[in-house]
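Undergrad: Need the 3D shape of this:
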Amino acid sequence: MRWRTTCGVTGGLVGTLMIAGCSSDGPTPAVPPASSSTPAATSPSTPTDQPTAEPSGETSGEPTEEPTPTASASPTTAPEKVHPVSVPALFEKEYDGRRLRVGEVIFETDTYTQYFVTYRSGDLTISGILNRPRGRGPFPVLVLGHGYIDPAYYANGQGLRREQDWLARAGFAVLHTDYRNHASSDDDPTADRKLRLGYGIDMVNAVMAVKRSPLRFLDGERVGLLGRSMGGGVVYNALVAQPGLVDAAVVYAPVSSDAADNFNRWIRDDPSRSGLSRTILRRYGAPERNREFWRE
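TA: Here you go, the predicted model:
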């Protein structure tokens, strides 16, 4: 890790994150959004299970006449199609996070100022908050991914409030992304039935937006990720989709890295999500019946 923060700060970060595993991402008062006019791990390869071609027949050692070349094409294997709703599909996606724009001040403390922000994630505008420590910087940046909160009640910057405050006081710039369908972000009506893989896209693009930002108080060369609960799963997907994206990442109290586990635990038998459950089962099949899809 190349961050300039001292070992004491880094150790404090780890200690705080271990304790924070019990934190709640429950509702907090909404903050009215403002206009935005102002301005590592390697991904596992999927085994092909294709046998290596072996030479056929034996040579006699006697000279033979060279065969006349023919125009027949050499055999090729067509590439396997990747299901669009899968982590491998995230490998092939082009990420274009950009236009990180700082809006109005939400509040100020003695050590940092919090702003309403937006950035672009593909065709969507995603909202969030940015805590800027006092001073000129540039400051190392942590992009935060919050746990599940019903989007119908979620407010800008909600979740991980304690961590947002502690990290900013420790000298980190903190970008907390709301994800699509949350707060002032644009809507994506397909997000839930696509198993929320779009949240990982929004997190990768948040990092890209930081790295491409002209804001001089942000150090685009020192960026990390932090996620809790569902946000831990979002971090997993971001790391696998874009190896080398960030210098470091921390997850705590994360959901399973197995999508089937998460579907069975949080959606399949939840009466309040019966409609979504039926849609997913109809589109993709049950985990015990379509293992290949759920493994991907």
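Undergrad: Could I get the buried residue list for stretch 236-255?
TA: Across stretch 236-255, burial judged by 16 or more other Cβ atoms under 10 Å covers 236-242, 245-255. For the C-beta atoms, the positions are set from N, CA and C on the backbone; glycine is no exception.
Undergrad: Endpoints of that stretch, how far apart?
TA: 10 Å (Cα to Cα, to the nearest Å).
Undergrad: quick one: it to chain centroid distance?
TA: Put simply, stretch 236-255 sits 7 Å off its chain's centre (Cα atoms, centre = their mean, to the nearest Å).
Undergrad: What of stretch 120-129?
TA: Put simply, stretch 120-129 sits 13 Å off its chain's centre (Cα atoms, centre = their mean).
Undergrad: Ok, stretch 183-191 next?
TA: Chain-centre distance of stretch 183-191: 16 Å, with Cα atoms, centre = their mean.
Undergrad: what's in contact with it?
TA: Contact with stretch 183-191 is made by 33, 116, 118, 123-127, 154-158, 178-181, 198-199, 202, as judged by Cβ atoms under 8 Å, 6 or more residues apart in numbering.
Undergrad: ok, back up a step: so of the buried residues of stretch 236-255, which ones are in helices?
TA: Residues of the buried residues of stretch 236-255 located in helices (DSSP state H): Tyr236, Asn237, Ala238, Leu239, Val240, Ala241.
Undergrad: Sketch out the low-pLDDT regions of the chain for me.
TA: 1-79 (pLDDT under 70).
Undergrad: try it again with 90
TA: 1-81 (pLDDT under 90).
Undergrad: And the residue nearest the centre of it?
TA: By Cα atoms, centre = their mean, the chain has its centre lying nearest to Gly200, at 2.8 Å.
Undergrad: quick one: what helix or strand has that residue in it?
TA: helix 197-212 (DSSP states H and E).
Undergrad: In that helix, which residues are buried?
TA: 197-211.
Undergrad: how about the strands in the stretch 101-250 of the chain?
TA: 112-121, 124-133, 139-145, 173-177, 218-228, 248-252 (DSSP state E, counting those that start in this stretch).
Undergrad: Packing partners of the second one?
TA: Read that as strand 124-133. Under the contact criterion of 3 or more Cβ pairs under 8 Å, 6 or more residues apart in numbering; DSSP states H and E, strand 124-133 touches strand 112-121, helix 161-169, strand 173-177, helix 197-212.
Undergrad: could those go into a markdown table alongside distance to Gly224?
TA: Putting the helices and strands packed on strand 124-133 into a markdown table (distance: least, Cβ to Cβ, whole Å) gives the following:
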| stretch | distance to Gly224 |
| --- | --- |
| strand 112-121 | 17 |
| helix 161-169 | 10 |
| strand 173-177 | 11 |
| helix 197-212 | 9 |
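Undergrad: Which one of those lies nearest to Ile106?
TA: strand 112-121 (4.5 Å; Cβ to Cβ).
Undergrad: Sheet-wise, list the partners of the closest one with their directions.
TA: Partners of strand 112-121 in the sheet, by DSSP bridges, are strand 98-108 (antiparallel), strand 124-133 (antiparallel).
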